[in-house]
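> 3D, please:
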Amino acid sequence: MEKYKFRVQEAKRVRIIIDTDADCEADDQFAIAHALMTPLFDIRGIIAEQFGCEGSVERSFNEALKVMKLMGISGIPVFKGEEKPLEAETSVTENEAVDFIINEALKEDSRPLYVLCQGAITNVAYALNQCPEIAERFTCIWIGGGFYPEGGREFNLCNDINGANAVFKSKVNLWQVPMSCYTTMQVGYAELQAKVMPCGEIGKYLFEQMIELGLEQHWIAGESWSLGDSPAIGLALNPGCGRYNVRKAPVFDKDGYYKDCESNREIRVYYSVDSRYILEDFFAKLSINYKE
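Predicted structure coming up:
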């Protein structure tokens, strides 16, 4: 972007696909905006993810378009993902978003490809089932799964347990950010009012839609929120901003509990992220680009 006084080495840039249930809550929008403002990222496309109710893909699709419009950004393709979770772990489908993941992964491009899954992991699961050879050609960062070591019900996981198992049993390079980690991305409404709301139409929208939803939902803490999808952006931007354990990928039972599976390959499971680094990078980029 022209307003930045720094440059990024072209060889350091990474390709990004954002898979988002953008109209589910109020944090996806922050993560999308952060990604779109990041010079390191070559955003190849955005995929609208389902979040467990009829019409959710259409809602996520429209919300992603709205965020881009408010930011004055165009030219990035947005695709509609699959409407429903996998019926079985081996299910395949015909879908433009799934084809997009496959085609981007198969491209001859020396730059790394990250697929940032900010909701259910449905579309990545379908892509891996349909074309297993892409597994070693990208990194999937998934916001989802319950607390280790037990696990249990967690929103993104429970919207497609079969899909999660398909991905966890695959060979893809997987970085999991479970609930115990992503819920540490706490930010107060006062800070958002001071640092986000004054930043143009997008800042005003991000703040107001969060406050509005916060007044409707019984599970909101009061005057704070967890920007739980933002670690996906932070880790793709700077993998050193998180700490993780390497372990054999588990599988999930029907209630979302972890089960050991020694035949699976190893994955990263993040137990902490530098929330202030991620938040302050977002605040600074928003101010540079949109504050009057």
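
> test my guess that Tyr290 contacts Tyr205.
No. Look at Tyr290 against Tyr205 with C-beta atoms under 8 Å: they stay out of range, at 10.9 Å. Where you see a C-beta, it was placed from the backbone N, CA and C, and this is true even at glycine.

> per-residue pLDDT of Glu82, please?
Note for Glu82: predicted pLDDT of 97.

> which element is it on?
Assigned by DSSP states H and E, Glu82 belongs to neither a helix nor a strand.

> roughly how far does it sit from Gln209?
Using C-beta to C-beta, to the nearest Å, one gets 26 Å for the distance from Glu82 to Gln209.

> more neighbours: these two, which one.
Neighbours per residue (other C-beta atoms under 10 Å) separate Glu82 from Gln209, with Glu82 holding more: 24 against 16.

> list phi and psi for the most centrally placed residue in the chain.
For the chain, the residue sitting closest to the mean C-alpha position, by C-alpha atoms, centre = their mean, is Gln118 at 2.7 Å. Backbone torsions for Gln118, taken as degrees, to the nearest 10, come to phi -100, psi 30.

> mind listing what's buried in the lowest-mean-pLDDT helix or strand in the chain?
Sorting the helices and strands of the chain by mean pLDDT, DSSP states H and E puts strand 224-226 at the bottom, at a mean of 90. For strand 224-226, a neighbour-count test (16 or more other C-beta atoms under 10 Å) marks 225-226 as buried.

> if we look at that strand, which residues are touching it?
Strand 224-226 is contacted by residues 26-27, 182-189, 192, 210, 214 when judged by C-beta atoms under 8 Å, 6 or more residues apart in numbering.

> using CSV, lay out those residues together with neighbour count and distance to Tyr258.
As requested, the contacts of strand 224-226 are arranged in CSV below (neighbours: other C-beta atoms under 10 Å; distance: C-beta to C-beta, whole Å):
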residue, neighbour count, distance to Tyr258
Ala26, 21, 28
Asp27, 23, 24
Tyr182, 25, 16
Thr183, 12, 17
Thr184, 15, 20
Met185, 24, 22
Gln186, 14, 25
Val187, 22, 29
Gly188, 13, 32
Tyr189, 17, 34
Leu192, 23, 34
Met210, 23, 31
Gly214, 18, 31
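
> next, format these as TSV and append distance to Lys254, secondary structure and pLDDT.
Below are those laid out as TSV (distance: C-beta to C-beta, whole Å; DSSP: H, G, I helix; E, B strand; the rest coil; pLDDT from 0 to 100):
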residue	distance to Lys254	secondary structure	pLDDT
Ala26	29	coil	91
Asp27	27	coil	94
Tyr182	23	helix	98
Thr183	23	coil	96
Thr184	28	coil	96
Met185	29	coil	97
Gln186	31	strand	95
Val187	34	strand	96
Gly188	37	strand	95
Tyr189	37	helix	95
Leu192	37	helix	97
Met210	33	helix	93
Gly214	32	helix	78
